[in-house]
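Asker: below: sequence and its predicted model.
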Amino acid sequence: MKSVLHILGIFSSLCSLALGQNVSMGPDVVNVGLLCAFNSTLGRVAKVAIAAAVNDINNDPSILSGTKLVVQMQDTNYSGFIGIVQALKFMEKDTVAIIGPQSSVVAHVISHVANELQVPLMSFAATDPTLTSLQYPFFVRTIHSDQFQMASVADLVDYYGWKMVTAVYIDDDYGRNGISSLSDELAKRRLKILYKAAIRPGATKSEMAAVLVKAAMMESRVFILHAHDDSGLAVFSLACNLTMTSGGYVWIATDWLSAVLDSSLHLDSGLLSTIQGVLTLRQHTENTNRKKTLASQWSTLVKEDKGGSRVLLNAYGLYAYDTVWMLAHALDAFFNSGGNISFSPDPRLHAVAGGALNFDALSIFDGGMLLLERIRKVNFMGATGPVKLDPDGNLIHPAYDIINIIGSGLRTIGYWSNYSGLSIMSPETLYMKPPNGTMENQKLHPAIWPGETITRPRGWVFPNNGNELRIGVPDRVSYHQFVSFDNLSGMVDGFCIDVFVAAMNLLPYPVTYRFIPFGNGRENPSYTQLINQIVTNEFDAVVGDVAIVTNRTKVADFTQPYVGSGLVILTSVKKQSSNGWAFLQPFTIRMWSLTGVFFLISWPTSSGSSLGWPVVFIYVLSLTIIKCVLFFSKKESSLQIIKCVFIYDPPWTELRAR
């Protein structure tokens, strides 16, 4: 009987296991769409990397067992409208997810399609920070947001001591929102964008040159270039022709430039001549085994690609490779949790059906929300390092390489991570230590700047069109050592002027000013009226030997006094010896003589009255005490004490009368 029950138990377990396998078994084919601009540098690299990832996944029995992953590729050509059309075509073929697009502009548009049809949209290149907002719940960014890249740029500006920058960018969603994030990061460090040089998408070279000429008239010489690969290279070429890449200038390009340079088989000498001394960023990736394997196979993979273009692997290609693996892990968990692929008609699309557009072919992915949850819980080691999303939907461990373009190559001068800021140590090493983002811990290797100099550029010049500060100075006839005005030459000189000029030279940014005399030069002007000129906006500031009084502080702010008042107290300093007879020092010889005379005068009369002795004793005792106190405190001299005592009516006059 026991053996029969045991056999039945085993049979029951096998049945349960078989049923479990049937529940977790996925379909034979899973359709995934890819939206990318294949005529771009990033698109060509991503196309090869994604094809390699699909091949590796389909040949790996440990993931998506029995299910083939099929990626259908469509070219958006950087167009939001074409991207919408291609996304709708995907949804006619029961697509469960879309990889891409690489353009943030296209991602904004297609995210509405993804929300409507509940299809996860996984982009490896759309870095616009606003895409992770609550407006786009089905958008999943599989690369680091520009929010972190702009934080690294702001740390660079702060590290080198610059206070103002000029932002040059393409005026689209990618450029505007990236520069907006940069402005926020700079404000956290009490820095600012002095001028925003916006370039129209698709602008001609003459339009770009006009924008650069206007930017060159500003005082800032630190330029942040946030553009696409084609427009960014055109900006550098024009800036070189305008001598804006010479000594004294600073150019910091976002990671688009490093992606272009990393993907080029041979760096063009003409291109390199326009970007000498430029700093750029690169998405940091760990040196993982999967990365090494992909890099070793890259040349073969490129030859197998039918596109015919030869490109090298860059960071965006690695993130595109991990994106496919991320989706595969999520689909595997989706099927193992009982998910299945089914679609339902969209009632809102059915209401607008009609005409030549076949809206009835579009349907909602029923398991879209479940698949999205599985994507957000993925955690594995990819080609770029750990692949995991934080609660805000951002990849963990955002980090960038700081690149300096020197000669015919690239030189890494440091790293930036959200963990410890700027460092010459790799982020992987810092993750094993406590975070330390203090200014003392921020370090970079020396950089070579435009003009082939290692001296850090000042970062600003006096502007050609800036507003001058109107500085009022008193034109007086006395105390010329403080402020003096020469009517013939118009020169202003003096100690107050020297202090003001020295303070202005210490500012890390340019300020133009002009001295304006106040007064006729024949008499001293009213300083109260001079201060009131600030209130009436005649002057922006006043420099001079102006006394700080209560009424003036109510209408203007004053600096700390830098000239003493001149009031002093003079006192005599005489060393006194300290010995056993020190109590005799307060009395001079004349004082002892006068005391002796008083003693004789106050001698008792023949009547035997002895009232004089106590009075004299009290008088002498009081005088001695007062004299000693004032002497040792050095307040009065002996003669002054005598005068002070004789002011009062002495008691011996009354005794003599008796």
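Answerer: Happy to help now that I have it. Residues are numbered from 1 along each chain as shown.

Asker: which residue ranges form the helices in the stretch 1-150 of the chain?
Answerer: Shown for the stretch 1-150 of the chain, the helices assigned by DSSP state H, counting those that start in this stretch span residues 2-24, 41-58, 80-91, 104-117, 146-159.

Asker: including mean pLDDT and mean neighbour count, could these go into JSON lines?
Answerer: Backbone N, C-alpha and C define where each C-beta goes, glycine included. Formatted as JSON lines, the helices of the stretch 1-150 of the chain follow (pLDDT from 0 to 100; neighbours: other CB atoms under 10 Å):
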{"stretch": "helix 2-24", "mean pLDDT": "41", "mean neighbour count": "10"}
{"stretch": "helix 41-58", "mean pLDDT": "92", "mean neighbour count": "23"}
{"stretch": "helix 80-91", "mean pLDDT": "81", "mean neighbour count": "19"}
{"stretch": "helix 104-117", "mean pLDDT": "89", "mean neighbour count": "22"}
{"stretch": "helix 146-159", "mean pLDDT": "96", "mean neighbour count": "23"}
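
Asker: between the ones you listed, which gets nearest to residue 516?
Answerer: Proximity to residue 516 (CB to CB) singles out helix 146-159 among the helices of the stretch 1-150 of the chain, at 35.0 Å.

Asker: for the stretch 201-350 of the chain, which segments are assigned as strands?
Answerer: Using DSSP state E, counting those that start in this stretch, the strands of the stretch 201-350 of the chain run over 222-226, 250-253, 279-283, 343-345.

Asker: tabulate the ones you listed in JSON lines, adding columns for mean pLDDT and distance to residue 148.
Answerer: Converted to JSON lines, the strands of the stretch 201-350 of the chain look like this (pLDDT from 0 to 100; distance: least, CB to CB, whole Å):
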{"stretch": "strand 222-226", "mean pLDDT": "97", "distance to residue 148": "14"}
{"stretch": "strand 250-253", "mean pLDDT": "97", "distance to residue 148": "15"}
{"stretch": "strand 279-283", "mean pLDDT": "96", "distance to residue 148": "10"}
{"stretch": "strand 343-345", "mean pLDDT": "86", "distance to residue 148": "37"}
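
Asker: which of these sits closest to residue 395?
Answerer: Smallest distance to residue 395 across those (CB to CB): 9.9 Å, for strand 279-283.

Asker: any chance of the helices of the stretch 1-150 of the chain in JSON lines, plus distance to residue 343?
Answerer: Below are the helices of the stretch 1-150 of the chain laid out as JSON lines (distance: least, CB to CB, whole Å):
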{"stretch": "helix 2-24", "distance to residue 343": "20"}
{"stretch": "helix 41-58", "distance to residue 343": "23"}
{"stretch": "helix 80-91", "distance to residue 343": "9"}
{"stretch": "helix 104-117", "distance to residue 343": "9"}
{"stretch": "helix 146-159", "distance to residue 343": "34"}
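
Asker: looking at these, which is closest to residue 319?
Answerer: helix 41-58 (8.5 Å).

Asker: can you show me the CA trace of that closest one as PDB?
Answerer: Output in PDB follows, covering the C-alpha atoms of helix 41-58 (Å, rounded to 0.1, in the frame of the first residue of the first chain):
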ATOM      1  CA  THR A  41      27.000  57.200 -36.500                       C
ATOM      2  CA  LEU A  42      25.000  56.000 -33.500                       C
ATOM      3  CA  GLY A  43      22.500  54.200 -35.700                       C
ATOM      4  CA  ARG A  44      25.100  52.300 -37.700                       C
ATOM      5  CA  VAL A  45      26.800  51.100 -34.500                       C
ATOM      6  CA  ALA A  46      23.600  50.200 -32.800                       C
ATOM      7  CA  LYS A  47      22.300  48.200 -35.700                       C
ATOM      8  CA  VAL A  48      25.300  45.900 -35.600                       C
ATOM      9  CA  ALA A  49      25.300  45.700 -31.800                       C
ATOM     10  CA  ILE A  50      21.600  44.800 -31.600                       C
ATOM     11  CA  ALA A  51      21.900  42.200 -34.300                       C
ATOM     12  CA  ALA A  52      24.800  40.600 -32.300                       C
ATOM     13  CA  ALA A  53      22.700  40.600 -29.100                       C
ATOM     14  CA  VAL A  54      19.800  38.900 -30.900                       C
ATOM     15  CA  ASN A  55      22.000  36.200 -32.200                       C
ATOM     16  CA  ASP A  56      23.600  35.600 -28.800                       C
ATOM     17  CA  ILE A  57      20.200  35.400 -27.100                       C
ATOM     18  CA  ASN A  58      18.800  33.000 -29.600                       C
END
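
Asker: packing partners of that helix?
Answerer: strand 29-36, strand 68-75, helix 256-263, helix 289-304, helix 315-336 (3 or more CB pairs under 8 Å, 6 or more residues apart in numbering; DSSP states H and E).

Asker: for this protein, give me the ranges with low pLDDT.
Answerer: For the chain, the stretches with pLDDT under 70 are 1-25, 307-309, 349-361, 463-466, 565-567, 572-587, 598-620, 623, 627-658.

Asker: didn't residue 380 look like it was pressed against residue 330?
Answerer: No: contact between residue 380 and residue 330 fails when scored by CB atoms under 8 Å: they sit 10.3 Å apart.

Asker: with neighbour numbers in mind, choose between those two.
Answerer: residue 330 (24 against 13; other CB atoms under 10 Å).

Asker: wait, the more buried one touches residue 370, no?
Answerer: No: between residue 330 and residue 370 there is no contact under CB under 8 Å: 9.8 Å.

Asker: in TSV: the helices and strands packed on helix 41-58, plus distance to residue 129.
Answerer: Below are the helices and strands packed on helix 41-58 laid out as TSV (distance: least, CB to CB, whole Å):
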stretch	distance to residue 129
strand 29-36	20
strand 68-75	26
helix 256-263	16
helix 289-304	26
helix 315-336	17
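
Asker: of the ones you listed, which is nearest residue 395?
Answerer: helix 315-336 (8.7 Å).

Asker: give me the angle between the closest one and strand 29-36.
Answerer: For helix 315-336 against strand 29-36, the angle by axes from the mean of the first three to the mean of the last three CA atoms, to 10 degrees is 150 degrees.

Asker: buried sites along helix 315-336?
Answerer: Using 16 or more other CB atoms under 10 Å as the test for burial, helix 315-336 gives 315-335.

Asker: quick one, it and strand 279-283 angle?
Answerer: Going by the same axes, to 10 degrees, helix 315-336 is angled at 20 degrees with respect to strand 279-283.

Asker: look up how far residue 256 lies from the closest residue to residue 80 other than its chain neighbours.
Answerer: Spatial nearest neighbour of residue 80, chain neighbours left out: residue 109 (4.1 Å); criterion: CB to CB, 6 or more residues apart in numbering. Look at residue 109 and residue 256: by CB to CB, to the nearest Å, they are 21 Å apart.
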